[in-house]
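# coords please:
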Amino acid sequence: MKKVYLVGAGPGDPELITVKGRRVLGEADAVLYDHLAPESLLELAPPDAERIYVGKKRSAHAFSQEEITGLIIDRARRGLTVVRLKGGDPFMFGRGGEEVEALAEAGIPFEVVPGVTSPLGIAAYTGVPLTHRTHTSVVTFVTGHAVEQIDWDKVGTAETLVVFMGLTAIGEIAREIMARGRSGETPAMAVRWGTRPDQQTIAATLATLADEVARAGMKPPATIVIGEVVRLREKLDWFERLPLFGQRVAVTRAAGQAAELRERLHALGAEVLELPVIAIEPPLDPAPLARAVECIAEYDWLIFTSVNGVRFFTEALDRSARDVRDVRACVCAIGPATRRAVEALHVKVDLMPERYVAESLVAAFAEIELAGKRVLIPRAAVARDVIPLELGRRGARVEVVEAYRNLVPAGAEERVRAAFEAGRQPHWITFTSSSTVRNFVELAGRAALEGVRVASIGPVTSETLRKCGITVDAEAREYTVEGLVQVLLEMQAWRC
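I've put the predicted structure just below:
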């Protein structure tokens, strides 16, 4: 029999899960996860692992607690490694104690992997330390869903009081506390979705917090903090001051290539919606690329116009009897990302244009003799013909081979529709190629972008957008992912 692991998923930001929590998820045969556990963490589990949503909301329970425990025990007895993924920490108002009691009584081996509990995450991400030498050395945690069961004489005067699940009862809670002599001017705050890019914070006083919550329309789940430490928020808040905080940004790159842009945007506070409208696949007929690789020593120039071209060329090289020692050609890379991909193979890049578009690449060859030179360009099945045509006019013998295809990924239409119809459409959508533009328009139509600002990685992509009748609100000056991020920062600073 394998183990059951109760794993704390942390307060909301998926990066706050522990190293052990990540490792255990990667070994799971079955994952039972809660409403407050970030669903993106499920990607850490093996693809064939069973995933069961057992979440509980105030208004609806997918399973009773007894049913959840039964599911865990059943799968453990089948010999599966089970991860019970719980928001926050399993032992902090998460009923983890009840679950491990049941496991112990059933003779099921288990481990508990702690998580960052929501008050600690909220404290860090709102700039409100729960303890502070000047203000408090005592913190009290209570659950607020049953106000009448709390001994407010004991806890109401706590220097820092943290209330779980008390948002709907905050008015009653405040009255109970003030009735015990706590000043209505005591600083207080309510925080919803703490540590997430859509974190919502309402800071007020004990006497006014309920009214402010109602005025803002804040809904559970939220955590309340009451005490003098809340005054420090104005000075110490860092998260909600990140330059892209509050901005939802859609990323349309292929799923396997979105990480760099996603991580940069996330670090700047943005909520990132991954909407891959393009998938990169091998060519239907690999023979032309294979033949070119077999003759690789005969080429004078090897031109890469994308990281994907490097990747699929390298894979073809690995399948052949050749290796990088057979590359006699000079190598041209269209931009820094492509250059890094080439240099990762320990191959020198001899030429890179000043601007990362086809026209600039052609211009970079202006002083280079091309008459009679053999040039190989491994690229997408559908691409602009500027480079082969212009180099051909200079006398080069250009051979273009299909190295990969750009396709619309399965399920893309449903993902796009959900993102744009859920009432939380993005503030920005980013396009990094003409293919992403055409595929998006095919999937959703240009009308879907009404009210959404559009950011383009460069002039070629911008031209495609305009041909589709789409206004370009921002265009990167450097045609890279970092250039795209920088123009978003500039636009946000301008708007502020």
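# the longest strand seen in the chain pairs with which strands, parallel or anti?
Using DSSP state E to assign secondary structure, the strand with the most residues in the chain is strand 397-407. According to DSSP bridges, strand 397-407 forms sheet pairs with strand 279-281 (antiparallel), strand 374-380 (parallel).
# for the residue nearest to residue 132 when sequence neighbours are not counted, give its distance to residue 396.
In this structure, residue 132 finds its nearest non-sequential neighbour in residue 229, 5.4 Å apart by Cβ to Cβ, 6 or more residues apart in numbering. All C-beta atoms are positioned from the backbone trio N, CA, C, and that covers glycine. As judged by Cβ to Cβ, to the nearest Å, residue 229 and residue 396 stand 69 Å apart.
# just to check, residue 448 is in contact with residue 418?
No: using Cβ atoms under 8 Å, residue 448 makes no contact with residue 418, being 11.8 Å away.
# count of neighbours near the nearest residue to residue 371 once chain neighbours are set aside?
Nearest non-adjacent residue to residue 371, counting by Cβ to Cβ, 6+ apart: residue 395, 3.4 Å away. Residue 395 has 11 neighbours, counted by other Cβ atoms under 10 Å.
# how about residue 395, phi and psi?
Backbone geometry at residue 395, expressed as degrees, to the nearest 10, gives phi 100, psi 0.
# which residues does it contact?
370, 371, 372, 373 (Cβ atoms under 8 Å, 6 or more residues apart in numbering).
# out of the residues you listed, which end up buried?
Among the contacts of residue 395, those scoring as buried are 370, 373 (criterion: 16 or more other Cβ atoms under 10 Å).
# which of the contacts of residue 395 sit farthest apart?
Within the contacts of residue 395, two members stand farthest from each other by Cβ to Cβ: 370 and 372, at 7.9 Å.
# if we can go back for a sec, just say which of the strands paired with strand 397-407 is most tucked in.
strand 374-380 (a mean of 23; mean count of other Cβ atoms under 10 Å).
# distance from the chain centre to whichever helix or strand comes after it, please.
Moving toward the C-terminus from strand 374-380, the next helix or strand (DSSP states H and E) is helix 386-393. With Cα atoms, centre = their mean, to the nearest Å as the basis, helix 386-393 stands 40 Å off its chain's centre.
# same question for stretch 50-57.
21 Å.
# and stretch 137-154, which residues are buried?
Residues 139, 140, 141, 142, 144, 147, 150, 152 are the ones in stretch 137-154 that count as buried (16+ other Cβ under 10 Å).
# in helices, which of these fall?
residue 152 (DSSP state H).
# report how many residues lie close to the spatially closest residue to residue 28 that is not a sequence neighbour.
Leaving aside its chain neighbours, residue 28 sits nearest to residue 83 (4.2 Å; criterion: Cβ to Cβ, 6+ apart). As a burial measure, residue 83 scores 31 neighbours (other Cβ under 10 Å).
# mind checking the SS state of residue 83?
Three-state assignment for residue 83 (DSSP: H, G, I helix; E, B strand; the rest coil): strand.
# what residues are bridge-paired with it?
When assigned by DSSP bridges, residue 83 has beta-bridge partners residue 5, residue 31.
# can you give me the pLDDT of it?
In this model, residue 83 is scored at 98, pLDDT.
# so residue 488 belongs to a strand, correct?
No: under three-state DSSP, residue 488 falls outside any strand and is assigned helix.
# in this structure it contacts residue 244, no?
Yes: if you go by Cβ under 8 Å, residue 488 and residue 244 touch, sitting 6.8 Å apart.
# just want to know which of these two has more residues nearby.
Between residue 488 and residue 244, counted using other Cβ under 10 Å, residue 488 has the larger neighbour count: 26 against 23.
# how near is the more buried one to residue 246?
Counting by Cβ to Cβ - residue 488 and residue 246 are separated by 13 Å.
# tally of neighbours for the residue nearest to residue 258 when sequence neighbours are not counted?
Among residues not flanking residue 258 along the chain, residue 251 sits closest, at 5.1 Å (Cβ to Cβ, 6+ apart). Neighbour count for residue 251, taken as other Cβ under 10 Å: 28.
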